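Engineer: model this:
(2 chains)
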There are 2 protein chains.
Amino acid sequence: MKTVKGGVCAPKGFLAAGIDCGIRKNGKKDLALIVSQKEAAAAGVFTKNLVKGAPIIVSQKHLKSGYARAIIANSGNANTCNDNGLEIAEGMCELVERLTDIPSNNVLVASTGVIGQKLSLAPIENGMPDLIDSLGQNSDDAATAIMTTDTYKKEAAVEMILDGKTVRIGAIAKGSGMIHPDMATMLVFVTTDAVISPALLQKALLFAIEDSFHMISIDRDTSTNDTVFVLANGLAENKPIIEEDADFELFKTALLDLFLLLSRSIAKDGEGASKLLECQVTGAKIKSDAAKIAKSVICSPLFKCAMFGADANWGRVLCAIGYAGAQVDIGKIEVSFQSSAGEIDVCKNGEGLEFSEELAKSILSQDEIIIKIALNDGTESATAFGCDLSYDYVKINGDYRS
Amino acid sequence: MKTVKGGVCAPKGFLAAGIDCGIRKNGKKDLALIVSQKEAAAAGVFTKNLVKGAPIIVSQKHLKSGYARAIIANSGNANTCNDNGLEIAEGMCELVERLTDIPSNNVLVASTGVIGQKLSLAPIENGMPDLIDSLGQNSDDAATAIMTTDTYKKEAAVEMILDGKTVRIGAIAKGSGMIHPDMATMLVFVTTDAVISPALLQKALLFAIEDSFHMISIDRDTSTNDTVFVLANGLAENKPIIEEDADFELFKTALLDLFLLLSRSIAKDGEGASKLLECQVTGAKIKSDAAKIAKSVICSPLFKCAMFGADANWGRVLCAIGYAGAQVDIGKIEVSFQSSAGEIDVCKNGEGLEFSEELAKSILSQDEIIIKIALNDGTESATAFGCDLSYDYVKINGDYRS
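Structural biologist: Numbering: from 1, shown residues only, chains lettered A, B, ... in the order given. Reported below is the predicted structural model:
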């Protein structure tokens, strides 16, 4: 397995485009399109929030066949909680049909941005010819067009050999705010040239999100529009993956690796974030307890503030472990902080250790911090990804809608 | 029922004191004592965090008899996650015994402040004579001495007539950060001169916290030291409350009223808060759903930031309703915002309404905001209390320990 360039255009037979059609007022790109040359097996996971964006309803309908050929998405408006959302989401798919040979029910759709405002089809309709004309090896444009408060675009691609054939998986994603995945997360669009059945594609997707997107939290707010789509167009011509064999294992592991790259990228670019927090919990009796603890720590506002201030306030780590809802023996817990500047042990047997405040400050002043928690009570582990809580989170979200 | 002055000294037979003994470095008061003239029925509730402060372990032991005469508490150090916590907590109770006629196992103890640092008995021992000398009608001193990042002291008292006798309940509290009660909350010390059995006192306490302290959240961090103590010394000489009769109903309702006063006071003074948020949910099928939704909204960091910015971003209210884990029909939901500047409807049938942004801004610029959510699906209701998320929360918590 190795990483390659090209994002969603790294696999064979995928084109992408991203343009500014005028939904966002600030001249930023706001409309993205990904097209497969041939019909692709398709899978998706969506938010569990009861308030669901209209694009989710439409995409779920279009996914029923197990196949799709295109993904259209806009930023600047979530097309959620308004009275014409379904009409607009369907309309976006129909606009793709009108200018291509792709039937509208073969198009998946997603929207991200402010909730509760009407989205007009007019700018999208006006922009469509330009969008279609721009289709090419333009994964980066598509990645840019789905950004909201993201400060950089997220794209990645990996390559593996299956059955002697080179198979690639590429993806773009957007994260930033309202990130606390429940079932799926933010927007992630994945392409692959693997030959795989829709059922196994869905299965691989569910496997891969569990340890990646499900383990991110920026702010504990589960979005109304979380969506992950995967399109597999089969152009790699590997032996078809139609059962859970070694090739399937390789494929789903590659998908997980790709998702972990994106998860770290999304967490590090959380709204207002100045650093990535990675909480590694080991030695749990059961995995779900390790996961609960890892997420509890990276979700704690008090701990996130301490990390922003590079303050080795490990008491807040223990506090978050204590209310995680997991079974743990507090008296066995060890905690240490690690970064490119070194590693420091701060707690053993559930009690504080003497440590150099100077070294701790230096370790916590880096932009990627690992919080290691050893429970010493079993063999299960889990890792969660988050970010610090800064003034900028408040600034961005105190004045987002206006 | 009416409110009266005097805090924990409003009921007959209680004295209080608060001094600066030097635990906190900034010259603020840090040691509080409340003493009852005679032995009192005692009740308590404590944090459900698995990491429990040493004072909680000691107080639980001392509460087993159902009776107590004094509460000693310090701020500046939580006496939690260190290797001599139990010894210090016991030591604080023994210091009370040494200078009074109160046996140490009749003393309840609480600590609040930084987790994971050793607390020395020396400053407390040195301060004890002064603390004892200061005992008097000094509820305000005791309330001040338990403050951490609180910006004002919390005390309240109410009066009722039971069986022709005037009965009073008084309390002091501290809140501010790490507030997301689970079973109990922060520190609350309650005194009453009612004659009531320990069992019914505990029952009244559990009733009263349910709709008050359990419905506050500042930052979703459940503290390791949450404690509510109640002492009932019987000096009001009412007919003893030993069964669940009309007097018991009156007493527990008065206790709830008192707790609601304190809850609003604690929420409004959340760390960095610039305004109180009160989320009133009505029309739920079952009460627990109403409570889940009310708490989900006041816990949402995105919504809290919007309130800080006086931005009527009701989409974030709907988003938080959607992930609350409650059964709701999104299509029936109505949302409005209310304050001293008026009331404005922003959402009906789960969709946005046209509204005056100017009026909304004016309403949300006040310091007490009510978020009204009508689910139109039943008759149950619940109210939760919280605060906005401001730059100052980050500032306070990015640099607390140092």
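
Engineer: A:T383 should be in a strand, yeah?
Structural biologist: Yes: per DSSP: H, G, I helix; E, B strand; the rest coil, A:T383 lies within a strand segment.

Engineer: Run through the bridge partners of it.
Structural biologist: Here A:T383 sits in beta bridges with A:Q280, going by DSSP bridges.

Engineer: Now do the same contact list for it.
Structural biologist: By C-beta atoms under 8 Å, 6 or more residues apart in numbering or on different chains, the residues touching A:T383 are A:D211, A:M215, A:E278, A:C279, A:Q280, A:V281, A:A294. C-betas here are computed from N, CA, C, even on glycine.

Engineer: Can I get the residues you listed in a markdown table including pLDDT and neighbour count?
Structural biologist: As requested, those are exported to a markdown table (pLDDT from 0 to 100; neighbours: other C-beta atoms under 10 Å in any protein chain shown):
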| residue | pLDDT | neighbour count |
| --- | --- | --- |
| A:D211 | 86 | 17 |
| A:M215 | 82 | 25 |
| A:E278 | 95 | 22 |
| A:C279 | 96 | 26 |
| A:Q280 | 96 | 17 |
| A:V281 | 97 | 29 |
| A:A294 | 95 | 30 |
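
Engineer: State which one residue of the stretch 101-250 of chain A is found closest to chain B.
Structural biologist: Distances between the stretch 101-250 of chain A and chain B by C-beta to the nearest C-beta are smallest at A:I115, namely 2.8 Å.

Engineer: secondary structure element for that residue?
Structural biologist: Following DSSP states H and E, one finds A:I115 outside all helices and strands.

Engineer: Any regions of chain A where pLDDT drops low?
Structural biologist: By pLDDT under 70, the low-scoring segments of chain A are A:177-185, A:218-223, A:400-402.

Engineer: now the farthest one out in it, which residue is it?
Structural biologist: A:E354 (38.4 Å; C-alpha atoms, centre = their mean).

Engineer: quick one: secondary structure of it?
Structural biologist: coil.

Engineer: measure it to A:V346 for me?
Structural biologist: Per C-beta to C-beta, to the nearest Å, A:E354 is found 10 Å from A:V346.

Engineer: With A:A324 instead?
Structural biologist: Counting by C-beta to C-beta, the gap from A:A324 to A:V346 is 18 Å.

Engineer: If you count surrounding residues, which of those two has more?
Structural biologist: Ranked by neighbour count (other C-beta atoms under 10 Å in any protein chain shown), A:A324 and A:V346 place A:A324 first, with 24 against 21.

Engineer: Enumerate every residue touching A:V195.
Structural biologist: Applying C-beta under 8 Å, 6+ apart, the residues near A:V195 are A:A232, A:G234, A:A236, A:E237, A:N238, A:K239, A:P240, A:I241.

Engineer: wait, what's in contact with the second one?
Structural biologist: The one in question is A:G234. A:G234 is in contact with A:K38, A:A40, A:A41, A:D193, A:A194, A:V195, A:I196, A:P240, counting by C-beta under 8 Å, 6+ apart.

Engineer: do that again at 6 Å, thanks
Structural biologist: A:V195 (C-beta atoms under 6 Å, 6 or more residues apart in numbering or on different chains).

Engineer: coming back round to it: doesn't A:T80 make contact with the residue of the stretch 101-250 of chain A closest to chain B?
Structural biologist: Yes: contact status for A:I115 versus A:T80: in contact at 4.7 Å, counting by C-beta atoms under 6 Å.

Engineer: Using the three-state scheme, assign the residue lying closest to A:D163 once chain neighbours are set aside.
Structural biologist: Using C-beta to C-beta, 6 or more residues apart in numbering or on different chains and skipping the chain neighbours, the partner closest in space to A:D163 is A:K239 (4.1 Å). Three-state call for A:K239 (three-state DSSP): coil.

Engineer: Is it correct that A:K239 is in contact with A:G164?
Structural biologist: No: applying C-beta under 6 Å, one finds A:K239 not in contact with A:G164, separated by 8.8 Å.

Engineer: more crowded one of these two?
Structural biologist: Neighbour count, other C-beta under 10 Å: between A:K239 and A:G164, A:K239 has more, with 12 against 8.

Engineer: got the phi/psi numbers for that one?
Structural biologist: Dihedral pair for A:K239: phi -60, psi 120, per degrees, to the nearest 10.

Engineer: For it, give its distance to A:A157.
Structural biologist: 22 Å.

Engineer: Name the residues of the stretch 51-200 of chain A found near chain B, please.
Structural biologist: A:V51, A:C81, A:N82, A:D83, A:I115, A:G116, A:M178 (C-beta under 6 Å from any C-beta of the partner chain).

Engineer: was I right about the third one contacting A:L119?
Structural biologist: No: in this structure, A:N82 sits apart from A:L119 without contact. The criterion is C-beta under 6 Å, and the distance is 7.1 Å.

Engineer: which of the two has more neighbours?
Structural biologist: Ranked by neighbour count (other C-beta under 10 Å), A:N82 and A:L119 place A:L119 first, with 27 against 22.

Engineer: tell me, which helix in chain A spans the most residues?
Structural biologist: Scanning chain A for the longest helix, with DSSP state H as the assignment, gives helix A:246-268.

Engineer: Tell me which residues are up against it.
Structural biologist: Contacts for helix A:246-268 (C-beta under 6 Å, 6+ apart): A:1, A:154, A:156, A:158, A:160, A:162, A:169, A:171, A:173, A:175, A:194, A:200, A:204, A:207-208, A:212-213, A:216, A:241, A:276, A:385-387.

Engineer: thinking again about what came up before, neighbour-wise, which one of the contacts of A:V195 leads?
Structural biologist: A:A232 (29 neighbours).

Engineer: Just to check, it is in contact with A:T192?
Structural biologist: Yes: taking contacts as C-beta under 6 Å, A:A232 lies within contact range of A:T192: 4.8 Å.

Engineer: Now do the SS call for the closest residue to A:K252 other than its chain neighbours.
Structural biologist: Of all residues not flanking A:K252 in the chain, A:A204 sits nearest, at 3.9 Å (C-beta to C-beta, 6+ apart). Following three-state DSSP, we place A:A204 in the helix state.

Engineer: show me the contacts for A:A204.
Structural biologist: A:F251, A:K252, A:L255.

Engineer: So which of the residues you listed is the closest to chain B?
Structural biologist: A:L255 (25.9 Å).

Engineer: Count the neighbours of that closest one for me.
Structural biologist: Count around A:L255 with other C-beta under 10 Å applied: 25.

Engineer: got the angle between the host helix or strand of A:E159 and helix A:246-268?
Structural biologist: Element membership of A:E159, judged by DSSP H and E, is strand A:154-162. Counting by axes from the mean of the first three to the mean of the last three C-alpha atoms, to 10 degrees, strand A:154-162 points 160 degrees away from the direction of helix A:246-268.
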